[in-house]
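S.K.: here is my input; please provide its structure:
(chains A and B)
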Amino acid sequence: MLSYVTLALAALFLPLFPFSMVFNLLLSRVQRGWQRGLIILLWPHIGIGLLHVADIQVSPWVAVWGVLTALLYAARALGLRDMGAWMGFIVTSSWALLWVAEAFGPGGELTHLYAVTFAVPLVLFALLGEGLTRRYGAAYTGLYVGLASSLPRFSLVLVLVVLAAVATPLFPGFFAMLALMLDTVPHSTATAVALALVWLLWSGAGMRLLTDLIVGQPGSTEVSDLGYASTSGFLVGLGSLVIAGLYLVGGMS
Amino acid sequence: MGEKLNIRAMVYVAAEPIPYFWPMRSFIHHNPLHGLEDMPFETAVEQGRRLFHARGYLPRSEYQRYLKQGSVDYAALESGIGEFAAQHAVPSGIDLARWLLTLVTATGLEFSAVSRMSDAALVQAALGGTPMATDGAPVDVSQLSSRLRDQFPPDMPLCEVVDALYGTELSVELDERVIRVCLDFLDEGQSVWGMPERERGLFAAWRELSRHDMFRSPDGEWARQLLEANSDPEGVIAQAMAALGIPEKHWVGYFTRELARLHGWAGFIRWRSSASRYHWAERYPADLVDYLAVRLSLSLALLHQRRMQPVPRSLTELYDAVNERSCETYLRHDFHSGAVMPELAHRVERVLALGRRKDIEALCGDYLAQRKARDSALLAQRLDQLARLVGDRELLRSLDDVQLQSLIDALVAFENSEGRIWLQAVESHAINRLLEGTTLAAEKVREKRPFVQSLFCIDTRSERIRRHLESVGDYQTYGIAGFFGVPVSFIELDKGSENHLSPVLLTPKNLVLEISANDSRDDIAVGALEKALHELKESVLTPFVTVEAIGLLFGFDMIGKTIAPQGYHRWRRRLHPNKPSTHLLLDKISREQADSIIRAVQRAVIVKAVEQELGLEPERITDDMIRELREAALGHVAEAPRILSLGLSGVEANALIDRLRSAYRINASYARLQFERLGRIGFSLDEQVGFVSQALRSIGLTRDFSRFILLVGHGSTSENNPYESALDCGACGGNHGLVSARVLAQMANKPRVREGLRGQGIIVPDDAWFVPALHNTTTDELTLVDLDLLPPSHLVYLDRLRNGLTAASRLCAQERMPTLQMGVARQDASQASRVALRNSMDWSQVRPEWGLSRNAYFIIGRRSRTENLSLDGRAFLHSYDYRLDPKRRLLENILAGPLVVAQWINMEHYFSTVDSECFGSGSKVYHNVAGRIGVMSGNISDLRTGLPTQTVLKQGRPYHEPLRLITMIESPFNHARRAIESVLSIRRLVRNGWIRMLVLDPETGEIHLFDSGDWRSLSHLQADVKPTTQDACIR
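M.R.: From the prediction side, this is the model:
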């Protein structure tokens, strides 16, 4: 009985549908970027910790449930215009895959590492979202376009952060996804294919988001671009992420 | 029948605003708003903005840049603003003109976007710093409905309405489907596999294809019923419009907007359906009725597709939704058009998704109140900012809400007039600059004739080379339309089709053939290799193998073109033999000659036919046998008895004769056709005299002929450039102008033509020789042609002539190159010349030359009036001497032809600059050739009309200065005015403000400008000696 309760709690923190709705509800209530970032950083580790403390062996069907949850949220992210919700769905989708790491992968510390890998780009994304809200009143796609022209530095950082969030090569998410897929193939090819599909959907959602923000003729609203110091801060952060990813997840250590 | 005609008539009228699109291989500059030229310029620009969703003027920031650069007449700007201010009542104490001048010169503020939902009382409260009440008043549903109905007029395509309300992309999908149909049907040889049954026409072929495509899809049910019920396009259109519920009185407007969605493809279909003798149109007919039938059918299919949420599928359903669910419709429109307040966007999306009517209405009230408050606050902020700059901040705060509203109304109204006022101020500066450099000083009396007289095309690029040529020696230059007044249909050596070398306004009647003066060329090996390569590339499977097998060769080709374009180009040229020396067949052939030619051709064909059909050796075929066969095939005799001596039976002989008639076209009707065609070849002597005389008179060259009279056509050379023909001579139908120069030179050098000219009072001395030449506008090179015909007496002067031409070329390149290269200061002449040459061979060069960019002036008059003024390659210069034209015929011809074409060029540059994406063709970098007709952006788009950004923009900013063509005629005022009035097209363009017309009266020194519907005197120049027109006429 206790293990089921632990499992249910873990499903709340490593969001499995429908428990995932709680996390997304909470995230939608929190508006400050740093608060969102903090939640994103900490949330999954509670779930992983619970699993490890209770020493629960994750069954393959839970992993499949995780992949289906990831698919659901990745597909929904394709049509979202609110950047806060988009972030919540992508992070939910990626954390749901941690069940696969626990079921088919080595688990343990590596799962924590994967969680950090998926979370850090979205923490940066949360901060950027807050920046957009400050400038335009909301972080929402389709209302203002052409950021590449009006906010070139901000756009550069946003593009890189989104690429990191959707696990494109060199960013640690890429190596984490690759490792998850390689771990899954021996156990279930179908699940591995579903994982690949999730990855593809993330890319689609990311590109759609960027297209609706970056491309086009900017409007007449005058807004200030990201400062040089902030831009450098973000770029250093992303650079560190790449290097850390290469060493910690990418196998260069 | 009546209904069909009615539909056809409506489509015809609806298509009027859609500009023609000519195939790119003969690029024709055109005014994208040509169909609206019967309206005043400002009205047409506004109409164009609505129809094409395009901008008609530059943004304010660009005009402000011009102001900083000194390219704006500040006085004219002030005056324009003053005129506007005088027509608008504002509260006392407010100097509206000062407010507006500050607004346009010192700020980027705009008021119209935030004024729509604002409230003067709230603006006043915000200005006073009092908190604004944001409680939502009850929603005025009728006002909301009325506003929505204004936003969705009955002529707005329903797919666009649905997109605006539901965030769908039906219009984009519809466009893509229509483009695919156009690409398949209109392809001119790019695709290896063509659309089936194209011969039946666009609609019929597509309808047939749809049976295998759309009909099978469940979404196609509606379209299937529509197409099965109607086999003709008119019926489909009528039924589709009825299904869409559009009242018949709005059909024309609806059609226009549907056509304007893809105005490139629609413009091409419109052009090809009206083009005479256009091979592809004759073979695969299509018109806009077909096009609309296809588009409307697909549009209905999309609206009725099953996966769609319930959306309005007719105008009635739309207006029902507007009336019954105003709040929802309003919020939907704001949300999907991007106008929604960002702060409420998420809430609006959520509430609309849930669809609860009560929630929607509550949100709508809240939303409207918040919107009103926000817009009022923004408006107040902007007004305050402007008032602070003007120094009227306190005055602004003291205004009551009625006074405030009148000020806001004036500011908003000004935004509609601002572009016009800026444009007039920029034009005024350009006019002043021209007049400052214009002189009325008497022409110098020459002691001897000039060394060379050169006739250049009026093209703006000739201005530079003319100026430099005049500076390096005793060269006199003239400007004339680049086809030299001789419309020619030309068949080039080794080509089988006619090419019209004349402005598109004319259709040449006479045909000129190019014939080789050398032995036939032996380039079979290279030709066969190229053919084999093409076949390998175009087949279905072979490209896979070809890439592996010979892909590397193409790699070398790429490296050569990229690393050393000049050297590689020279090497490549060696693979192809030089074009042999050729002559032009210019003279008319007599009836007897034509008859003899046809007979000879028929005999040659019959010999080949007998060889092939009967497998006979040539020695067994006798002349008599051939004569008999020919007579029999033409029906002159019943049989050909000698053929029987070869052992053929009577039946076999008759079969051969039938085959000669059908397969080898030895028959009476084809002979008549050949006879007619031969009749088009060449010009009669009278025609030749007439053309030469007309050309010389039109430019005022009727005496004091030099030893050399150069006829300089122009053309460009560039690599990998679909727009190459846009850089060639517009007066020659987008072709090189050399052939036209050769034609006129060949005519003018004939003794019998000169005799005819003498009869008309034009005495060309025996030692005067007309030499054709080519001005390569990319490299600035001037090349003399047909020198083998030059009299020996002239050879001794050839070196001096060549040196002069080379010097002018280099100086021209030296002046031009810094405008093409970023951050490069003036180079020495030879270096500049080398860079120009490289540009012409570099396949990665997106801007080999600026072409006609920055064109601004059209000057009709004697060269002496502007010869001291550097016009920076911005002026079309047409030589004209009013003293030779007492009846104004020559001037009328110049106005009706060259000026009209120049106005098209000018307007194409204007609109491509002010809205590069819509009226222009965007960046060349994304262009792909489509169907060998034009280019598309990416893999699927409308045919890109207009000019690419690389032609009109430099580093993202306008390089071309968008002005209306400033035309100056040097002639007595009444002389010019009457000519303008008698040429309808020009009268319309001048009166409607599409051309800024100036008349420089050399007899009074007065300058007249047509402005605001009337002529007004501008200023005086120092007048010439004042002969009367009649006295001054030479004949």
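S.K.: give me every residue that touches the residue positioned nearest the centre of chain A.
M.R.: The structure's chain A has its C-alpha centroid closest to A:Val91; by C-alpha atoms, centre = their mean the separation is 3.5 Å. Contacts for A:Val91 (C-beta atoms under 8 Å, 6 or more residues apart in numbering or on different chains) come out as A:40, A:118-119, A:122. C-beta: built from backbone N, CA, C; applies to glycine.
S.K.: nearest to B:Ser921, of those residues?
M.R.: Distance to B:Ser921, by C-beta to C-beta, is smallest for A:Leu122 among these, at 40.6 Å.
S.K.: against chain B, how distant is that closest one?
M.R.: 19 Å (C-beta to the nearest C-beta, to the nearest Å).
S.K.: okay, the closest residue to that residue other than its chain neighbours: pLDDT?
M.R.: Nearest residue to A:Leu122 in three dimensions, chain neighbours excluded: A:Val91, at 5.0 Å (C-beta to C-beta, 6 or more residues apart in numbering or on different chains). At A:Val91, the pLDDT value in this model is 93.
S.K.: in the stretch 151-253 of chain A, which residue sits nearest chain B?
M.R.: Per C-beta to the nearest C-beta, A:Ser220 is where the stretch 151-253 of chain A lies closest to chain B, at 5.8 Å.
S.K.: who in the stretch 101-250 of chain A is up against chain B?
M.R.: A:136-138, A:140, A:142-145, A:220, A:222 (C-beta under 8 Å from any C-beta of the partner chain).
S.K.: show me which of the residues you listed are buried.
M.R.: Neighbour-count burial (16 or more other C-beta atoms under 10 Å in any protein chain shown) applied to those gives A:136-138, A:140, A:142-145.
S.K.: got the end-to-end distance for stretch A:215-234?
M.R.: Taking C-alpha to C-alpha, to the nearest Å as the measure, stretch A:215-234 stretches 21 Å from start to finish.
S.K.: list the buried residues in it.
M.R.: For stretch A:215-234, a neighbour-count test (16+ other C-beta under 10 Å) marks A:223, A:225-226, A:230-231, A:234 as buried.
S.K.: could you dump those residues to JSON lines with secondary structure, pLDDT and distance to B:Glu208?
M.R.: Shown next, in JSON lines, are the buried residues of stretch A:215-234 (DSSP: H, G, I helix; E, B strand; the rest coil; pLDDT from 0 to 100; distance: C-beta to C-beta, whole Å):
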{"residue": "A:Val223", "secondary structure": "coil", "pLDDT": "85", "distance to B:Glu208": "54"}
{"residue": "A:Asp225", "secondary structure": "coil", "pLDDT": "91", "distance to B:Glu208": "56"}
{"residue": "A:Leu226", "secondary structure": "coil", "pLDDT": "91", "distance to B:Glu208": "57"}
{"residue": "A:Ser230", "secondary structure": "helix", "pLDDT": "93", "distance to B:Glu208": "61"}
{"residue": "A:Thr231", "secondary structure": "helix", "pLDDT": "94", "distance to B:Glu208": "59"}
{"residue": "A:Phe234", "secondary structure": "helix", "pLDDT": "94", "distance to B:Glu208": "58"}
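S.K.: next, format the residues you listed as TSV and append distance to B:Pro641.
M.R.: What follows is these, written out as TSV (distance: C-beta to C-beta, whole Å):
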residue	distance to B:Pro641
A:Val223	96
A:Asp225	96
A:Leu226	98
A:Ser230	102
A:Thr231	98
A:Phe234	99
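S.K.: and which of the contacts of A:Val91 is nearest to A:Leu71?
M.R.: For those, the nearest to A:Leu71 is A:Phe118 (15.7 Å; C-beta to C-beta).
S.K.: ok, which stretches of the stretch 751-900 of chain B are strands?
M.R.: With strands called from DSSP state E, counting those that start in this stretch, the stretch 751-900 of chain B shows them at B:769-776, B:782-784, B:857-861, B:875-879.
S.K.: which one of those lies nearest to chain A?
M.R.: Taking these one by one with C-beta to the nearest C-beta, strand B:857-861 is closest: 31.9 Å.
S.K.: what strands line up against the closest one, and which way round?
M.R.: Counting by DSSP bridges, the strands paired with strand B:857-861 are strand B:875-879 (parallel), strand B:965-970 (parallel).
S.K.: which of these sits most buried?
M.R.: When the strands paired with strand B:857-861 are scored by mean count of other C-beta atoms under 10 Å in any protein chain shown, the highest mean neighbour count falls to strand B:875-879 (a mean of 26).
S.K.: would you mind pulling the contact partners of it?
M.R.: Residues outside strand B:875-879 that contact it (C-beta under 8 Å, 6+ apart): B:456, B:458-460, B:462-463, B:466, B:478-481, B:698-701, B:855-863, B:866, B:871, B:894, B:898-899, B:902.
S.K.: next one: stretch B:102-115
M.R.: With contact meaning C-beta under 8 Å, 6+ apart, stretch B:102-115 is reached by A:220, A:222, B:60-61, B:63-64, B:67, B:77, B:81, B:375, B:378-379, B:382-383, B:385-386, B:389-390, B:408, B:411-412, B:414-415, B:418, B:421-422.
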